[in-house]
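S.K.: could you look at this predicted model? Sequence included:
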Amino acid sequence: MIIRPYTEKDKEDVRFICLNSEGPCDLSESSQHFILTTYCDYYLEQEPENCFVAADGDDRAVGYVICAEDFDQFRACFNRAYLSRFPKYDFKHRLDARASVILHEKYKQTYPAHLHIDVLPEYQRKGLGHLLVQTLASHLSFKGVPGVMLTVWTKNTVGRSFYEKYGFTFLEDAYGSAAYGLPLHAEELADAARPQCVRNETSPLEI
Ligand SMILES: CC(C)(COP(=O)(O)OP(=O)(O)OC[C@H]1O[C@@H](n2cnc3c(N)ncnc32)[C@H](O)[C@@H]1OP(=O)(O)O)[C@@H](O)C(=O)NCCC(=O)NCCS
């Protein structure tokens, strides 16, 4: 297994993981379209340099962390180019997509970056999620980004346990989501989340 930067050839594998990280996806086509548009495609298409994958021995992505570095830049581009990917009559998914970042707006001064992370079920609980977070934290810290946040469904006990274990600060529960943040100034990084090696920007991290 290696953790390495995302490349264009990973796109369909990452989209597959996005839909199947909690087991085989049985959602309708429009729900799949909503999830991929809201939680995946912007990051791969607009900020591939802020995305990393965990790849198996065949170099196939089995997990990923994807990130928008600056919330205001994300929101402007997302509203312009991604909300329009929903059919005009699909008001529900447009509203849900906008609502999904309400807490990001609130905390953007301290945590301008936000992330999404997923690992295929058969590769979970092997430390890949932690390595992906460490790699992204190191990358953003190197770029001078002060903090990264995320939201997770309030009822997602697996996700919440993961963020709490690895030193994310709980911010608040609201609108059915829990928000967590990770400060990225080196001296403020929680011990558990502190990158354990200085990562060469072009080299994969071998596990
Ligand atoms: C959350 C997720 C990315 C973590 O990745 P991972 O590679 O499994 O994480 P790690 O192995 O580095 O860390 C393991 C920790 O994550 C949490 N965790 C992972 N899988 C878990 C499970 N099935 N049940 C309970 N806790 C779990 C626990 O805190 C665990 O620590 P523990 O083993 O000491 O209890 C992964 O489980 C996943 O993709 N889950 C489904 C989708 C999801 O919830 N994504 C996050 C949404 S915001």
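M.R.: It's in.
S.K.: quick check: next helix or strand after the helix ranked longest in the chain?
M.R.: Scanning the chain for the helix with the most residues, using DSSP state H, yields helix 128-142. Next in sequence after helix 128-142, counting helices and strands by DSSP states H and E, comes strand 147-153.
S.K.: got the contact list for the residue of the chain found nearest the ligand?
M.R.: At 2.4 Å from the ligand, Gly129 is the closest residue in the chain, using Cβ to the nearest ligand atom. For glycine as for every other residue, the C-beta is placed from the backbone atoms N, C-alpha and C. Counting by Cβ atoms under 8 Å, 6 or more residues apart in numbering, Gly129 touches Gly63, Ile117, Val119, Phe162, Tyr166.
S.K.: wait, is the second one part of a strand?
M.R.: Just to be clear, that refers to Ile117. Yes. Using DSSP: H, G, I helix; E, B strand; the rest coil, the assignment for Ile117 is a strand.
S.K.: give me the distance between it and Leu83.
M.R.: 23 Å (Cβ to Cβ, to the nearest Å).
S.K.: the more surrounded of those two?
M.R.: Ile117 (22 against 15; other Cβ atoms under 10 Å).
S.K.: contacting residues for that one?
M.R.: Gly63, Tyr64, Val65, Ile66, Gly129, Leu132, Val133, Leu150.
S.K.: narrow those residues to those that are buried.
M.R.: Gly63, Tyr64, Val65, Ile66, Gly129, Leu132, Val133, Leu150 (16 or more other Cβ atoms under 10 Å).
S.K.: what's opposite the fourth one in the beta bridge?
M.R.: Pointing back at Ile66 there. His116 (DSSP bridges).
S.K.: ok so, going back, could you dump the contacts of Gly129 into CSV with pLDDT and distance to the ligand added?
M.R.: CSV is the format used below for the contacts of Gly129 (pLDDT from 0 to 100; distance: Cβ to the nearest ligand atom, whole Å):
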residue, pLDDT, distance to the ligand
Gly63, 98, 6
Ile117, 98, 5
Val119, 98, 4
Phe162, 97, 4
Tyr166, 94, 7
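S.K.: now render the residues you listed as CSV, adding distance to Thr154.
M.R.: Output for the contacts of Gly129, formatted as CSV (distance: Cβ to Cβ, whole Å):
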residue, distance to Thr154
Gly63, 23
Ile117, 17
Val119, 21
Phe162, 15
Tyr166, 19
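S.K.: farthest pair in those?
M.R.: Spanning the widest gap among the contacts of Gly129 are Gly63 and Tyr166, at 14.5 Å by Cβ to Cβ.
S.K.: model confidence score at Gln196, please.
M.R.: Predicted confidence (pLDDT) at Gln196: the value is 44.
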